[in-house]
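S.K.: structure for the following, please:
(one chain, ligands or ions: 1)
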Amino acid sequence: MPRLPRSFRKQDVRRRSRLFCEALELSSAERRALIEDPELLDLADVMVESAVGFMPLPLGVAAGFRIDGRSVDIPMATEEPSVIAAAGYAGAIVARAGGFSTWADEPLMSAQVYLDGVPPEREAALRAAEPEVAETVAPLLDSMRRRGGGFRGLRVRRVEAGPAARRGTVCVELVIDVRDAMGANVLNSAAEAAAPALERAAGARCVIAILTNAASERKAGASFRVPLPKLRRRGLGGGELAERIVFANEIALSDPERAVTHNKGIMNGITALALATANDTRALEAAVHAYAARDGAYRALTEYRVEDDALLGEFSAPLALGTVGGATSFHPAARASLRLLENPGAAELARIAAALGLAQNFAAVSALVSEGIQSGHMRLHANRLAYNAGARGAEIAQVAERLAALGSFNAETAARELGAIRSSS
Ligand code: MEV
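M.R.: Presented below is the predicted three-dimensional model:
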């Protein structure tokens, strides 16, 4: 199974990319897909309409996670500097303390058929339509059933508030076990196929038939326990750092303005993994943020506490990630990412995502309550300034180092220092 060498992180980008390709034994087409290739326009064309090319994002690896007793290197695609470094930092601290423990629900998703103006006495008929609906959707769920999934039942509920409630709108939910798929396509097909039978049963018109991205029954979670003596940062001892983290989390549990940024930090990790595996990032984000507001107030999705001389961290949320179907199955970079993860099933990918989201939050909050995040950001920003000034290869680090030493992070200084480096070589 693919393992990256321990020194992976310290190599330059060309060697890192070569090591990645070698470890995963990527074909030449897959290697080109990770970089850029005009021949891959066909891939863009089957992925979206009116395609003109690709918008390549960096694909990186947060190496050295320990999840449920297993070593895991996590692929991440993101445009934001310091996200992968932060994940790797937190992953290493937790790994030294024994790693993350994770869990995931069964992959139950639901498709919804909304019916307009259903009289109360017809609700029983809707429930009684379950066998007919099961039979109608069965052919669509064949391959899912072969993998142990399929139709699990039908629920009927009234929309409770607002104009839709006054019109007597009823939602019929088809519950489907989608196994390793994210499931959107099959759920939408099932909802549309079931709609006519439900219209007949209700004597009412179908308004909308589509999955819900809320994925409320498909949650995953992660936790860790780091003994306080193993925690320290920038002159802060473990006890002090842990206490500050717990308090920062309490602020994000109480104040929605802070909670939004706190949860955004969690999604820095989860969305990057979703993108690396060509999952639907918007569906995930919608579900996670809706879950954060499930009791009416938007709150942090993490919990921290100090117990028995250790910091405990926990995170859970709906995480509807797929490992088969959609672009996940054919995008070469997504396939390489899944291979790096040793081809997990959907539940396992969700568990890895939960651990990564918690790690990302732990790293961000640790930095925020100690030295702040800007010092790390400015170091990475210096690399971008160097690149924009025209530095390439080894020049990038040289220019960035000079900017950091001068404490001057702007385009003019970058251009001047690049000129100085070139004229002295
Ligand atoms: C930056 O992308 C993410 C953070 O703002 C998250 C947080 O504030 O917790 C650092």
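
S.K.: only C-alpha atoms from now on, for both contacts and neighbour counts.
M.R.: Will do.

S.K.: tell me which element L154 falls in.
M.R.: Assessed by DSSP states H and E, L154 sits inside strand 150-158.

S.K.: buried residues in that strand?
M.R.: The neighbour-count check on strand 150-158 (16 or more other CA atoms under 10 Å) flags 150-151, 153-154, 156, 158 as buried.

S.K.: what does that strand rub up against?
M.R.: 123, 126-127, 130, 134, 137-138, 141-142, 144, 165, 168-178 (CA atoms under 8 Å, 6 or more residues apart in numbering).

S.K.: swap in 7 Å and give it another go.
M.R.: Strand 150-158 has contacts (CA atoms under 7 Å, 6 or more residues apart in numbering) with 127, 130, 134, 141, 144, 169-178.

S.K.: sorry, back to before: could you pick out which of the buried residues of strand 150-158 are near the ligand?
M.R.: Of the residues in these, proximity to the ligand by CA under 6 Å from any ligand atom holds for none.

S.K.: determine the set of other helices and strands touching the helix or strand where I210 lies.
M.R.: Assigned by DSSP H and E, I210 belongs to strand 205-211. Other helices and strands packing on strand 205-211, by 3 or more CA pairs under 7 Å, 6 or more residues apart in numbering; DSSP states H and E, are strand 108-116, helix 184-202.

S.K.: the last one versus strand 108-116: what angle between them?
M.R.: Read that as helix 184-202. Orientation of helix 184-202 against strand 108-116 (axes from the mean of the first three to the mean of the last three CA atoms, to 10 degrees) gives an angle of 40 degrees.

S.K.: check which residues of helix 184-202 are buried.
M.R.: 184, 186-195, 197-199, 201-202.

S.K.: can you find the helix or strand in the chain with the smallest mean pLDDT?
M.R.: Between all helices and strands in the chain, the lowest mean by mean pLDDT, DSSP states H and E belongs to helix 28-35, at a mean of 77.

S.K.: next structured bit after that one?
M.R.: Helix 28-35 is succeeded, C-terminally, by helix 41-47 (DSSP H and E).

S.K.: gap between that next one and the chain center?
M.R.: Centroid separation for helix 41-47 versus its chain: 24 Å, with CA atoms, centre = their mean, to the nearest Å.

S.K.: contacts for the next helix or strand after that helix, please.
M.R.: Later in the chain than helix 41-47, the nearest helix or strand by DSSP H and E is strand 59-67. Identification of contacts with strand 59-67 by CA under 7 Å, 6+ apart yields 71-78, 84, 87-88, 91-92, 95, 99-101, 276.

S.K.: just the buried residues of stretch 45-57, please?
M.R.: Buried residues in stretch 45-57, counting neighbours by 16+ other CA under 10 Å, are absent.

S.K.: export it as CSV, just CAs?
M.R.: Taking Å, rounded to 0.1, in the frame of the first residue of the first chain, the C-alpha atoms of stretch 45-57 are listed here in CSV:
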residue,chain,number,x,y,z
ASP,A,45,-15.7,18.5,-21.2
VAL,A,46,-17.4,15.5,-19.6
MET,A,47,-17.3,17.1,-16.2
VAL,A,48,-19.0,20.4,-17.0
GLU,A,49,-20.7,22.2,-19.9
SER,A,50,-18.9,24.9,-21.9
ALA,A,51,-15.6,23.7,-20.6
VAL,A,52,-12.5,25.7,-21.7
GLY,A,53,-9.8,24.1,-19.5
PHE,A,54,-8.9,23.4,-15.9
MET,A,55,-8.4,25.7,-13.0
PRO,A,56,-5.6,23.8,-11.3
LEU,A,57,-5.4,24.1,-7.5
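
S.K.: tell me which two of the contacts of strand 150-158 sit farthest apart.
M.R.: M144 and T169 (30.6 Å; CA to CA).

S.K.: neighbour-wise, which of the two wins?
M.R.: Taking neighbours as other CA atoms under 10 Å, M144 and T169 compare with T169 leading, 24 against 21.
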